[in-house]
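K.L.:
The following block contains a protein sequence and its predicted model.
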Amino acid sequence: MTALELCLPDSITPEQFLSDYWQKKPLLIKQGLPQLIGMFEPDDILDLALDEDATARLITQSPTKQTDTPQWQLKKNPLAETDFDNLPEQWTVLVQNLEQWSPELGQLWQAFDFIPQWQRDDIMVSYAPKGGSVGKHYDDYDVFLAQGYGQRRWQLGKFCDKQTEFVEGEPIRIFDDMGEIIFDEILEAGDVLYVPPKLSHFGLAQDDCMTFSFGCRRPNLMQVIDSFADVATNNSELFIPMLLPQEPQASGELQTESIDAITQQLLQLLQSERGADIIREAVCEVVSKRQYDILVPEETMDTDELITALANGATLQADYSNRLLYNQTNEGITLYANGQRLDGLDDTATALLLRLANGAHLTLDDMEGIDLDEAMEWLENGWIWVDYAG
Ligand code: SIN
Ligand code: CO
């Protein structure tokens, strides 16, 4: 697959999207992702939902609300075929992290290259027959809702906040009041709707319908602090006894002045060069972590098979169910994969991994100067995959 066109209307540049829409307002991108059309059939998704390794949910909705009983039912994986017997008319099955089953689908992230890899979460698919939905709700993160099959009617309403109350007693986060409807359109296969965080939305299947949610993420402060603590714990240079003021005091008291003195020393460290290094490491590690367990590839190839494949026009590409990223400072480039810093890479390997992280399709010629056993390791780790289509 050659480089994809960006999923934006012709009239909107990535800069305009990021300054005017990203995290602010919705955007309909008619035929923003035509490559999705025909990529999957509903049966592919129904089969995948039954896979014991899939992160899947089956959501069903009773036709009417009875007092005292929830209207919605949620069954999480593992799902069995019997879960699909005797379903009510309205239901939806959702499968997360599709890119780990289909690197070809994962490649479609390149249509969103204006969003860096580390801010991408996963591709979730929903399959629903006519009338199915997951209710009126909002999400905490940005999402591009791409119609892959059939049609879905999307309505967008008000922005929500912490005060927005969800319907009590239901197993999923839904509410009744979306406020004024600001968007109401039917999306066809290939159409994409960008929905910013906290904007209420409601998607109703018009017929057999599959929607692919390209979901984004941002680290939260708790994760950054947690990662900081991990990095600091392994850093013997930080074994620095704190300097404390010593004044007469009651033997049972911990004086606020002592806490202030420790705070000052901590802040000084954070603002020092050493502190910046630790923070950088902590941020790089946390944002390069996978959210889902890695699946061990079923089949592996050997080095000769890799050479033959590349000689026949296959390419090596980043596998977007993994996180490969780099940080560049005056000191050089540091690469991270799945939450770990990659040490000991030579310049050739660093340059190639950097190109892969940026979405390059590497050919046999590009691999000149690299020990192919090293590339085999990248394949075995799941960082990259072989695209036979080139
Ligand atoms: C769906 O595909 O039905 C739901 C996706 C979403 O609302 O985020
Ligand atoms: Co949503």
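P.N.:
It's in. Numbers count the residues shown, from 1 in each chain. Ligands and ions are numbered 1, 2, ... in the order given.
K.L.:
contacting residues around W22?
P.N.:
Contacts of W22 were listed using Cβ atoms under 8 Å, 6 or more residues apart in numbering, and they are 142, 196. Placement of C-beta: from N, CA and C, glycine included.
K.L.:
any idea how far M124 is from it?
P.N.:
In this structure, W22 and M124 are 20 Å apart, going by Cβ to Cβ, to the nearest Å.
K.L.:
taking the mean pLDDT, what do you get for stretch 26-34?
P.N.:
Per-region confidence: stretch 26-34 scores 98 on mean pLDDT.
K.L.:
how about that stretch, does it get close to ligand 1?
P.N.:
No. Using Cβ under 6 Å from any ligand atom as the criterion, no contacts between stretch 26-34 and ligand 1 are found, and the smallest distance is 12.3 Å.
K.L.:
For that stretch, which outside residues touch it?
P.N.:
7-9, 12, 17, 21, 108, 111, 144, 146, 156, 182-183, 185, 187, 190-196, 199.
K.L.:
Next: stretch 319-331.
P.N.:
Around stretch 319-331, the neighbours that count as contacts under Cβ under 8 Å, 6+ apart are 97, 99-100, 103, 106-107, 109, 116-118, 120, 122, 280, 284, 287-290, 292, 294, 318, 333-339, 353-354, 356-357, 381-385.
K.L.:
now the residue of the stretch 201-350 of the chain found nearest ligand 1, which residues is it bridged with?
P.N.:
For the stretch 201-350 of the chain, the nearest residue to ligand 1 under the criterion Cβ to the nearest ligand atom is T211, separated by 3.8 Å. Beta-bridge pairing of T211 under DSSP bridges involves S126, Q147.
K.L.:
what residues does stretch 67-82 touch?
P.N.:
By Cβ under 8 Å, 6+ apart, the list of residues contacting stretch 67-82 from outside reads 49-50, 52, 54-62, 64-65, 83, 93, 135, 169-172, 174.
K.L.:
ok so, going back, check the contacts of stretch 319-331 for burial and list the buried ones.
P.N.:
With burial judged by 16 or more other Cβ atoms under 10 Å, the buried subset of the contacts of stretch 319-331 is 97, 99-100, 103, 106-107, 109, 117-118, 120, 122, 284, 287-288, 290, 318, 334-338, 353-354, 356-357, 381-385.
K.L.:
Need the per-residue pLDDT for Y292.
P.N.:
Confidence at Y292, expressed as pLDDT, is 86.
K.L.:
Just give the closest residue to it, not the sequence neighbours.
P.N.:
Distances taken as Cβ to Cβ, 6 or more residues apart in numbering place N97 nearest to Y292, at 4.6 Å, with adjacent residues excluded.
K.L.:
what residues are up against the one you found?
P.N.:
When contacts are counted by Cβ under 8 Å, 6+ apart, N97 touches 55, 122-124, 291-292, 321.
K.L.:
Do a quick rundown of the strands in the stretch 101-250 of the chain.
P.N.:
With DSSP state E, counting those that start in this stretch, the ranges of strands along the stretch 101-250 of the chain come out as 120-128, 143-149, 152-159, 183-187, 192-195, 199-205, 209-216.
K.L.:
could you dump those strands to JSON lines with mean pLDDT and distance to I262?
P.N.:
Written out in JSON lines, the entries for these read as follows (pLDDT from 0 to 100; distance: least, Cβ to Cβ, whole Å):
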{"stretch": "strand 120-128", "mean pLDDT": "97", "distance to I262": "37"}
{"stretch": "strand 143-149", "mean pLDDT": "98", "distance to I262": "42"}
{"stretch": "strand 152-159", "mean pLDDT": "98", "distance to I262": "40"}
{"stretch": "strand 183-187", "mean pLDDT": "98", "distance to I262": "52"}
{"stretch": "strand 192-195", "mean pLDDT": "98", "distance to I262": "44"}
{"stretch": "strand 199-205", "mean pLDDT": "98", "distance to I262": "43"}
{"stretch": "strand 209-216", "mean pLDDT": "98", "distance to I262": "37"}
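K.L.:
can I get the ones you listed in a markdown table with distance to S227?
P.N.:
Formatted as a markdown table, the strands of the stretch 101-250 of the chain follow (distance: least, Cβ to Cβ, whole Å):
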| stretch | distance to S227 |
| --- | --- |
| strand 120-128 | 17 |
| strand 143-149 | 25 |
| strand 152-159 | 30 |
| strand 183-187 | 38 |
| strand 192-195 | 28 |
| strand 199-205 | 29 |
| strand 209-216 | 19 |
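K.L.:
who's in contact with whichever residue of the stretch 101-250 of the chain sits closest to ligand 1?
P.N.:
Here the residue of the stretch 101-250 of the chain nearest ligand 1 is S126; by Cβ to the nearest ligand atom that distance is 3.2 Å. The contact partners of S126, taken as Cβ under 8 Å, 6+ apart, are 92-94, 134, 209-211, 213.
K.L.:
returning to that earlier point: out of the contacts of stretch 67-82, list just those in strands.
P.N.:
Applying DSSP state E to the contacts of stretch 67-82, the entries found in strands are 56-61, 93.
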